[in-house]
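Visitor: okay, sequence plus prediction incoming.
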Amino acid sequence: MNLPELTWSLLSRALDAYADSPRATNWLRGHLARFTEPLRLAVTGPHGSGRSTLVNALAGEVVANGPEPTRHHVPASRSQPELTLIDTPPVDAEGADPGSLERICLEADAVLHLMGHPHNADLSFLRTVQDHPVARAAPVNALVVLSRADELGGGRVDALISARQVARRYRRETELAGLCQDIVPVAGLAAQAGRTITEAEFETIAALAAVPKAELEPLLLSADRFAADEARAALLSRFGLFGVRLATTLVRGGVDSQAALAAQLLQRAGLSELRDAITRYFTDRARVLKARSALIGLEVVLRMEPRPAAAPLVTELERLLAGAHEFAELRMLAALNTGRARLPDGLKDEALRLIGGYGDDPPSRLGVAGPEPQLRQAALGALRLWQEYAENPVLGAAERRAALTVVRSCEAMAMAPGL
Amino acid sequence: MMASPWLGVLDDTIQACGAHARPDLVERLRARRAELAGPKVRVLVLGESGQGKSQLINGLVNAPVCAVGDDVTTSVPAIVQHAEAPAGAIVTGDDARNLEGPGRVPTPVESVTARANRDTGAVRAEIGLPRKLLETGLALVDSPPIGSPASQHTHRTLAVLPQADAALLVSDATKELTTSELDLIGRVQRFCPTVAVVLTKTDLVPGWRRVAERNRARLQQDGLPATVIPVSASLRLAAARSGDKALNEESGYGALVRYLHQDLMGHVDLLRRRSVAALIHMTVEQLGAPLRERLAELREGGTDELTARWRAAGHRLEELQRESARWQTVLSDEVADLIADLDFDLRERTRRILREAEEYFEVADPAKDWPEFEGWLRENLRSVAETNSDWLLDRFEWIARKIARQVAPRSGDVLPEALLDAESRDHIGDLRMPNVERFSLGQKLFVGMRGSYSGLLMFGLATTLAGMPLINPISIGAGAAFGAKSVFEERGARLKRRQAAAKTAAHRHVDDFFLTYGKQSKDTVRLIHRELRDRCTAVAHELRAEIADTAKRIKQVIDAETAERGASARELTRAIEQLNLLYRRGHALATTQAARGLTA
Ligand SMILES: Nc1nc2c(ncn2[C@@H]2O[C@H](COP(=O)(O)OP(=O)(O)OP(=O)(O)O)[C@@H](O)[C@H]2O)c(=O)[nH]1
Ligand SMILES: Nc1nc2c(ncn2[C@@H]2O[C@H](COP(=O)(O)OP(=O)(O)O)[C@@H](O)[C@H]2O)c(=O)[nH]1
Ligand SMILES: [Mg+2]
Ligand SMILES: [Mg+2]
């Protein structure tokens, strides 16, 4: 049985053990029900870090503009699976009830945590998120977003390039890498603009782009200058100076339709990259993350209402966490993608595929489409091959460790009953 | 430069550091004094990473001398000051605290900071530029970003902080001042009281005015007197490139330059006073803290343990006083009991002897058997005397132990032994009796007593018999000479008479023994009693004297210590008062004339 199945059965048994406790029963039922719901993604961060803006950008419409928390369901689209987005109160709010934020995090299956330059960031919230027996076993539910990434690069058109460099540096080293799966820079305001751009806005931008350079450049020197005109001020508040600079540059460079501009903006503002990361780490693995949430919920019940009948469940929960290969796979996926773990060139791609980096189903993992015997054959072949890698002294210790994780993924497939 | 009042206060502070045996502070203050006496005014530009500190300085000198980057860039402080011609140098060494240091490597001014930031051996970069702004002695110090307290960057910036005459805290306009930035301002002001907040990147966000307003309100609310100056380095540099005066005005640099030129450089003396006041404040704190701690310690008293011991000694004395009355009574009672017991015992034993003697002479003929009887009687009386006196000794030993426990209740068995074995008396070898040996205290007495009862047995009997011619064996022998017949006829009657006389003689002898030995025994008891009492009294007295002495000595120590504490406390209080005076003088430096300069 895999982790989601084992978790399901563990929760069902807990329901029996706690049949006489309405509170525990309610709680456990809720977690069982969550299994089939879309993934819940909380967007957290300090005051003004752009949480609401990012929620809007991900939702594709302005849904978060009032006081947090708000929840918003996003139906599946071509570039993004179904999600429930949760806009949260700021983590640094003075005098706020710390318990409320904790409840929101318990409610979510995964977290997007926003921060500015990591050098200046306060990591205590991320540390709390991972400070839980289940979370510690697998810090696989958090992504860090370098938000307002345009400002990190001084609002220049190439700001995201700088921001990507900063992200790359931090995702490999430092404590931060141990607290999240990946670090992704996003210019949320420009991204939101890209997703919600109107025809009229496109027209205004196109008109601006048509203004001679010598005339336009002084206008784009500062927000104040650009906002001197009322129409431009409205555009500025929607796009930000970076968004306006980027959009006019793009139109000047030949992007000639609203749709094309929107797509380009999403790309350049880093939203596409963020959605990829959300897909790769979260929604593709929704069942594992759901199981994780359920296990956290179960741990809470076992801790808050200990009883003899539940003692075997405690042991089993521990065993499940210690042995859960799904978590190790997710960590390895992130490690290979971010460069925290390395494999020789040809092997890395195959490893990523086998651990589900290009799709979680066996045919995607094995790179073979066919009937069951053929799949099992492929799985056994991959298993043998990777067992050899795992013992190959030419590879370094870290590389052999990575290979071992792949071996376990292959074993799971080779032994799966239905495959 | 005219004689400044702050120099005097600073010198007094340095002297105080010397007096408090803090050569480290003396050295630091001397170095700082030399800096303060010079014309240079160092303005430290500090803040978190990427806020635009380096670019701010570039904007001020209109030259890209400080390396700028989107990720963490500056890793060593860079001092930008006046020079006739552009010049750069990288300073290496290990004393990062000193802005003037040892190893200087001249480096092209365009690349000096970039190289210094990469150079692991560099401790700072130095840039000289011919600028009007810097001509008056203004030096701008770029610094590595403040971040986690453990980071080397933070450490390096905080290390140059004490040398700063003013600080510009740089925070960009994309966000309001954060809690950590506000904390930082508070910390900076302790070293360097003149702080302004520079709000950078105003070109970037439309809402910078609101951010500036909220920052001002927050600073005021937190009691942090700091001007907020919004600027845009981008606009300043663009204005410099294009020579656009309006753009330059928009950049906000006009206000910044005015602040530096007029508010800071126009009031160097006030800056100095404030710096000195802060310096004195911190020095006084450093010097005063251990003093106050010691004073508190002194006041809390530390003679607790001694006082407790002194009290205990007092209690002990009282206790001994009570005990002494009690043991005396016990001793008298015990002795009275002993005398009665001895007397009864003696009476009993002699009575038994007499009974046996009478039975003996029912049959025996004194004329024939007297010598045997005499031997028997002597042996028996000796045994009575021995047993009785043994008993006496045993009882006294027991009494001595019992009393000893009362006399010196806490001294364990030490005292009884001392009582019993105290003096080894001269023994008279022959007469020594095994049991007497055990009781050295009474030895002499007993030796005497034994002597007297042996003597009694030796001579008393003879004397008694001497007054009884009828029983005299000689008279018996003479009697026998009267004639066999008459002797024979009269044998029955005569035997009876002889027997009666022998009985009377034995009676009298035993009575004599009883009286004489009894008196001797009682005398002995009294003697031992007296001796024991005296000895115990002496011991008790000694004990009391000892404890009283201890108590006295403890009291003396307490008194001496209290006196000493009082003296130390007065001394400490005076030293603290002196420091407070220094502090007030320092404080006065900063506040006088404040009204007409450097409005926050
Ligand atoms: N738009 C705009 N960007 C600025 C301004 N000042 C600085 N920047 C940008 O902000 C980023 C950081 O600037 P730096 O001057 O290197 O910042 P710093 O505070 O010295 O950073 P560290 O050396 O890491 O502490 C760079 O990308 C600059 O281009 C400004 O006034 N306007
Ligand atoms: N320049 C820039 N501004 C942003 C970005 N994201 C948000 N903002 C602005 O920052 C402010 C706060 O954003 P908001 O989403 O409400 O932040 P929240 O408090 O975390 O919810 C708003 O004025 C946004 O327009 C961004 O990526 N770039
Ligand atoms: Mg919000
Ligand atoms: Mg810098």
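Guide: Perfect, I can see it now. Ligands and ions are numbered 1, 2, ... in the order given.
Visitor: dump the host helix or strand of A:Ala233 to PDB, keeping only the CA atoms.
Guide: A:Ala233 belongs to helix A:230-252 when elements are defined using DSSP states H and E. Taking Å, rounded to 0.1, in the frame of the first residue of the first chain, the C-alpha atoms of helix A:230-252 are listed here in PDB:
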ATOM      1  CA  GLU A 230      -4.800  60.400 -14.400                       C
ATOM      2  CA  ALA A 231      -5.200  57.600 -17.000                       C
ATOM      3  CA  ARG A 232      -1.500  56.800 -16.500                       C
ATOM      4  CA  ALA A 233      -1.900  56.800 -12.800                       C
ATOM      5  CA  ALA A 234      -4.700  54.200 -13.100                       C
ATOM      6  CA  LEU A 235      -2.500  52.100 -15.200                       C
ATOM      7  CA  LEU A 236       0.400  52.500 -12.800                       C
ATOM      8  CA  SER A 237      -1.700  51.300  -9.900                       C
ATOM      9  CA  ARG A 238      -2.600  48.200 -11.800                       C
ATOM     10  CA  PHE A 239       0.800  47.400 -13.300                       C
ATOM     11  CA  GLY A 240       3.300  49.000 -11.100                       C
ATOM     12  CA  LEU A 241       6.200  50.900 -12.700                       C
ATOM     13  CA  PHE A 242       8.000  47.600 -13.500                       C
ATOM     14  CA  GLY A 243       4.800  46.300 -15.200                       C
ATOM     15  CA  VAL A 244       4.400  49.500 -17.300                       C
ATOM     16  CA  ARG A 245       8.100  49.500 -18.300                       C
ATOM     17  CA  LEU A 246       7.900  45.800 -19.100                       C
ATOM     18  CA  ALA A 247       4.700  46.000 -21.100                       C
ATOM     19  CA  THR A 248       5.700  49.100 -23.100                       C
ATOM     20  CA  THR A 249       9.100  47.400 -23.800                       C
ATOM     21  CA  LEU A 250       7.300  44.200 -24.900                       C
ATOM     22  CA  VAL A 251       4.900  46.100 -27.200                       C
ATOM     23  CA  ARG A 252       7.800  48.000 -28.700                       C
END
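Visitor: is that helix in proximity to ligand 1?
Guide: No - interface with ligand 1: helix A:230-252 contributes nothing (CB under 6 Å from any ligand atom), its closest point being 8.3 Å away. Heads up, the C-betas are built off the backbone N, CA and C, glycines and all.
Visitor: cool, and stretch A:214-222?
Guide: No - figure legend: stretch A:214-222 not in contact with ligand 1 (CB under 6 Å from any ligand atom); closest approach 8.3 Å.
Visitor: what lies in contact with that stretch?
Guide: Under the criterion CB atoms under 8 Å, 6 or more residues apart in numbering or on different chains, residues A:208-209, A:211, A:225-226, A:232, A:241, A:244-245, A:248, B:202-204, B:232, B:234-235, B:238, B:247, B:250 lie in contact with stretch A:214-222.
Visitor: give me the buried subset of those residues.
Guide: Among these, those scoring as buried are A:208-209, A:225-226, A:232, A:241, A:244-245, A:248, B:202-204, B:232, B:234-235, B:238, B:247, B:250 (criterion: 16 or more other CB atoms under 10 Å in any protein chain shown).
Visitor: out of those residues, list just those in helices.
Guide: Counting by DSSP state H, the buried ones among the contacts of stretch A:214-222 place A:208-209, A:225-226, A:232, A:241, A:244-245, A:248, B:234-235, B:238, B:247, B:250 in helices.
Visitor: now those in JSON lines, please, with extra columns for distance to A:Glu350 and pLDDT.
Guide: Shown next, in JSON lines, are those (distance: CB to CB, whole Å; pLDDT from 0 to 100):
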{"residue": "A:Leu208", "distance to A:Glu350": "48", "pLDDT": "94"}
{"residue": "A:Ala209", "distance to A:Glu350": "45", "pLDDT": "94"}
{"residue": "A:Arg225", "distance to A:Glu350": "54", "pLDDT": "94"}
{"residue": "A:Phe226", "distance to A:Glu350": "50", "pLDDT": "94"}
{"residue": "A:Arg232", "distance to A:Glu350": "52", "pLDDT": "93"}
{"residue": "A:Leu241", "distance to A:Glu350": "45", "pLDDT": "95"}
{"residue": "A:Val244", "distance to A:Glu350": "44", "pLDDT": "96"}
{"residue": "A:Arg245", "distance to A:Glu350": "42", "pLDDT": "95"}
{"residue": "A:Thr248", "distance to A:Glu350": "44", "pLDDT": "95"}
{"residue": "B:Ser234", "distance to A:Glu350": "48", "pLDDT": "94"}
{"residue": "B:Leu235", "distance to A:Glu350": "53", "pLDDT": "95"}
{"residue": "B:Ala238", "distance to A:Glu350": "52", "pLDDT": "93"}
{"residue": "B:Leu247", "distance to A:Glu350": "57", "pLDDT": "93"}
{"residue": "B:Glu250", "distance to A:Glu350": "57", "pLDDT": "93"}
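Visitor: which strands and helices lie in contact with the helix holding A:Ala233?
Guide: Contacts defined by 3 or more CB pairs under 8 Å, 6 or more residues apart in numbering or on different chains; DSSP states H and E place helix A:230-252 against helix A:149-152, helix A:188-196, helix A:199-210, helix A:223-226, helix A:258-269.
Visitor: buried ones in it?
Guide: Buried residues in helix A:230-252, counting neighbours by 16+ other CB under 10 Å, are found at A:232, A:235-236, A:238-251.
Visitor: what do you get for stretch A:313-324?
Guide: Neighbour counts using 16+ other CB under 10 Å place A:313, A:316-317, A:320-321, A:324 of stretch A:313-324 among the buried residues.
Visitor: related to what we said a few turns ago, kindly identify which of the ones in helices among the buried ones among the contacts of stretch A:214-222 also come near ligand 4.
Guide: With CB under 5 Å from the ion as the criterion, those include none near ligand 4.
Visitor: which two of those residues have the greatest separation?
Guide: Pairwise distances among these were taken by CB to CB; the largest, 24.2 Å, belongs to A:Ala209 and B:Glu250.
Visitor: just how off-centre is the strand or helix carrying B:Leu543 within its chain?
Guide: According to DSSP H and E, B:Leu543 maps onto helix B:491-591. Relative to the chain's own centre, helix B:491-591 is displaced by 32 Å; criterion: CA atoms, centre = their mean, to the nearest Å.
Visitor: just list what it packs against, helices and strands only.
Guide: When contacts are defined as 3+ CB pairs under 8 Å, 6+ apart, helix B:491-591 sits against helix B:5-19, helix B:268-299, helix B:304-363, helix B:366-407, helix B:414-421, helix B:440-455, helix B:461-466.
Visitor: where does pLDDT dip in the stretch 301-450 of chain B?
Guide: Residue ranges of the stretch 301-450 of chain B with pLDDT under 70: B:301-303, B:408-450.
Visitor: apply 50 and report the result again.
Guide: Filtered on pLDDT under 50, the stretch 301-450 of chain B yields the residue ranges B:413-416, B:418-419, B:421-450.
Visitor: quick check: residues of it near chain A?
Guide: By CB under 8 Å from any CB of the partner chain, no residue of the stretch 301-450 of chain B approaches chain A.
Visitor: next one: phi and psi at the residue in the stretch 201-350 of chain B that ligand 3 sits nearest to?
Guide: The minimum distance from the stretch 201-350 of chain B to ligand 3, using CB to the ion, falls at B:Gly207 (14.8 Å). When read as degrees, to the nearest 10, the backbone of B:Gly207 gives phi -90, psi 20.
Visitor: count the neighbours of it for me.
Guide: Counted with other CB atoms under 10 Å in any protein chain shown, residues neighbouring B:Gly207 total 13.
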